[in-house]
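Peer 1: Starting from these lines, generate the structure:
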Amino acid sequence: MYQDLRHNKKPYCIIIALINALKGNFENGFAFAGSNAFKATKISSVKEIFQTLIKEYKESRSAL
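Peer 2: Alright, predicted model coming up:
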C-alpha cells in the first residue's frame, strides 16, 4: 500500500510521519506538526474541534 509513495520525489512530511508510524517507527513519525504549529494554544481532539465548529456555525446562523 505505502510502497507506491516511495516513487514520489517529494512526499509531504505528514505522509512520511504516517508511514513511519504504520511501520512501528514511532521515534521518527508518531507525532508531527505543520508550519503553523507554533500558533496552537492547546491540543484538541477531532471531536472537540467538530463540536466547536458546529457550535460556532449555529451561533452564526442565529445571528442572521
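
Peer 1: Got phi/psi on residue 41?
Peer 2: phi -110, psi -10 (degrees, to the nearest 10).

Peer 1: Look up the pLDDT of it for me, please.
Peer 2: As predicted, residue 41 sits at a pLDDT of 90.

Peer 1: give the contact list for it.
Peer 2: Residue 41 makes no contacts at all, as judged by CB atoms under 8 Å, 6 or more residues apart in numbering. Using the backbone N, CA and C atoms, a C-beta is placed for each residue, glycine as well.

Peer 1: helix or strand right after the one helix or strand residue 14 maps to?
Peer 2: Using DSSP states H and E, residue 14 sits in helix 13-22. Downstream of helix 13-22, the first helix or strand assigned by DSSP H and E is helix 46-62.

Peer 1: number of nearby residues for residue 18?
Peer 2: If you count neighbours by other CB atoms under 10 Å, residue 18 ends up with 17.

Peer 1: ah, wrong one, I meant residue 15
Peer 2: By the criterion of other CB under 10 Å, residue 15 has 14 neighbours.

Peer 1: From residue 21, how far off is it?
Peer 2: Separation of residue 15 from residue 21 (CB to CB, to the nearest Å): 11 Å.

Peer 1: same deal with residue 49?
Peer 2: The gap separating residue 49 from residue 21 is 21 Å, by CB to CB.

Peer 1: Compare these two (neighbour count), which wins?
Peer 2: Between residue 49 and residue 21, counting by other CB under 10 Å, residue 21 is the more crowded of the two (15 against 10).

Peer 1: Read off the pLDDT value for the more buried one.
Peer 2: 78.

Peer 1: Check the one 5 residues further on too.
Peer 2: Confidence per residue is given as pLDDT, and for residue 26 that number is 74.
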